[in-house]
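Asks: I'd like to go over a predicted model; first the sequence, then the structure.
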Amino acid sequence: MTTPMMSFSRFAAGAVLLTLSLLGSAQARPLSAVRTEGVLHVLAPTDLPPFSFTAGGSNVGFEIELITNLAADMGLKVDVQHAPSNQLFAAVQDGRADVALAAFAITSTREQKVDFTQPTMCAGVSVISADPKLQLHTDLENKTIGVVSGTIMESYVQHLPFQKNVKVYPTVSDVTLGLFSKQIDATFGYLVMKPVLEKLYPKYPVVFGPILFSVPIGMAIAEENPTLRSALNIGMIRLTRDGRYDRLSQKYFGTDVRCKKV
């Protein structure tokens, strides 16, 4: 005997399966589909200065202005939505965003999940703390280190060959608060972030150690989306040649952050 409740349950189960099927079938849009809509959908965090953050209700930052320029050259508008850094790869994988930005270091491990544009810059990683004595990673033995989930900093810290306490946070803001409130002794970040952090938080002076290693940074797109990737790479060449890249680099970092050719 089939009761109304059983019928409803079967309907609900079918709806769930259909929803999962639709989600699973979502895929990245090629450049032709992006052009048809006329909008490039971008996903980025709001708390990663000077790369991507909000100020006065507007989306600003080096990567935001960079993608806006690239899109304009392709005759596209940009729609910027927000999500924590550790959710961005999944968003481009399932087609919820065309491009993800979060000062992503390009690594072989990440390239197994998503594709990247050519490097948009190179940056050095340093220890960040409130204690001038903490300069190098070797100074952090038996210290509490805060990192953002899903970043290269998380993987790097976990592999440091000494005793330490690692706290993993969901966002950059959480790590920053942890440092200022002395819940953690140190974190890791790009040295080029120093000027903007000093400007944003003048009452909470932080110390940046010397560069430990450098990484290329790129924009993430879904795998097997060569048309969009090629268009962005060609656009990067254009921005570099006509001087717009140099102006953005000086505006946000006060220096040339292009990767140096070896």
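Replies: Structure's in. What do you need?
Asks: what segments of the stretch 151-262 of the chain are strands?
Replies: 165-169, 186-190, 207-208, 213-221 (DSSP state E, counting those that start in this stretch).
Asks: let me fix that: the stretch 1-150 of the chain
Replies: 39-44, 47-48, 52-55, 58-60, 77-82, 99-105, 115-116, 121-129, 144-148.
Asks: of the strands of the stretch 151-262 of the chain, flag the one that's most buried.
Replies: Of all these, strand 186-190 has the most neighbours on average by mean count of other Cβ atoms under 10 Å, namely a mean of 25. To be clear about C-beta, it is placed using only N, CA and C from the backbone, and glycine gets the same treatment.
Asks: now Gly254: how far from Tyr169?
Replies: Look at Gly254 and Tyr169: by Cβ to Cβ, to the nearest Å, they are 28 Å apart.
Asks: for the strands of the stretch 151-262 of the chain, could you give me TSV that also reports distance to Val147 and mean pLDDT?
Replies: As requested, the strands of the stretch 151-262 of the chain are exported to TSV (distance: least, Cβ to Cβ, whole Å; pLDDT from 0 to 100):
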stretch	distance to Val147	mean pLDDT
strand 165-169	6	96
strand 186-190	6	96
strand 207-208	16	95
strand 213-221	15	97
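Asks: distance to Gly61 added to the ones you listed, as TSV?
Replies: As requested, the strands of the stretch 151-262 of the chain are exported to TSV (distance: least, Cβ to Cβ, whole Å):
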stretch	distance to Gly61
strand 165-169	20
strand 186-190	13
strand 207-208	19
strand 213-221	13
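Asks: among these, which is nearest Met74?
Replies: For these, distance to Met74 was read as Cβ to Cβ. The smallest value, 13.8 Å, belongs to strand 213-221.
Asks: so what strands line up beside the closest one?
Replies: Paired neighbours of strand 213-221 in the sheet (DSSP bridges): strand 99-105 (antiparallel), strand 115-116 (antiparallel), strand 121-129 (antiparallel).
Asks: so which of these comes closest to Gly235?
Replies: strand 99-105 (11.6 Å).
Asks: what lies in contact with that closest one?
Replies: Residues outside strand 99-105 that contact it (Cβ atoms under 8 Å, 6 or more residues apart in numbering) are 40-45, 48, 51-52, 63-64, 67, 85, 88-89, 91-92, 110, 114, 116, 123, 152, 190, 215-221, 228, 232.
Asks: related to what we said a few turns ago, and the strands paired with strand 213-221, which is most packed in?
Replies: Each of the strands paired with strand 213-221 was scored by mean neighbour count; the highest is strand 99-105, a mean of 26, by mean count of other Cβ under 10 Å.
Asks: now it, how far from the centre of its chain.
Replies: When distances are taken as Cα atoms, centre = their mean, to the nearest Å, strand 99-105 is centred 3 Å away from the chain's centroid.
Asks: grab the nearest non-local neighbour of the spatially most central residue of the chain.
Replies: The centroid of the chain falls nearest to Ala102 when counting by Cα atoms, centre = their mean (1.4 Å). Of all residues not flanking Ala102 in the chain, Ser85 sits nearest, at 4.4 Å (Cβ to Cβ, 6 or more residues apart in numbering).
Asks: and what of Phe188?
Replies: That would be Met153: by Cβ to Cβ, 6+ apart, it lies 4.3 Å from Phe188.
Asks: can you give me the neighbour number for the one you found?
Replies: Number of residues near Met153 (other Cβ atoms under 10 Å) recorded here: 22.
Asks: got it, and Tyr204?
Replies: For Tyr204, the count of nearby residues is 14 (other Cβ under 10 Å).
Asks: surely it and Phe180 touch.
Replies: Yes. Using Cβ atoms under 8 Å, Tyr204 makes contact with Phe180 at a distance of 4.7 Å.
Asks: joint contacts of the two?
Replies: Contacts common to Tyr204 and Phe180, judged by Cβ under 8 Å, 6+ apart, are Ala130.
Asks: out of the strands of the stretch 151-262 of the chain, nearest to Leu76?
Replies: strand 213-221 (14.2 Å).
Asks: put the alpha carbons of that closest one into PDB.
Replies: What follows is strand 213-221 as a C-alpha-only set of coordinates in PDB (Å, rounded to 0.1, in the frame of the first residue of the first chain):
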ATOM      1  CA  PHE A 213      61.000  31.200  -1.400                       C
ATOM      2  CA  SER A 214      59.200  32.700  -4.300                       C
ATOM      3  CA  VAL A 215      56.200  31.400  -6.300                       C
ATOM      4  CA  PRO A 216      54.500  32.300  -9.600                       C
ATOM      5  CA  ILE A 217      50.900  33.400  -9.200                       C
ATOM      6  CA  GLY A 218      48.100  33.000 -11.700                       C
ATOM      7  CA  MET A 219      44.400  33.000 -12.300                       C
ATOM      8  CA  ALA A 220      42.600  29.700 -12.000                       C
ATOM      9  CA  ILE A 221      40.200  28.400 -14.700                       C
END
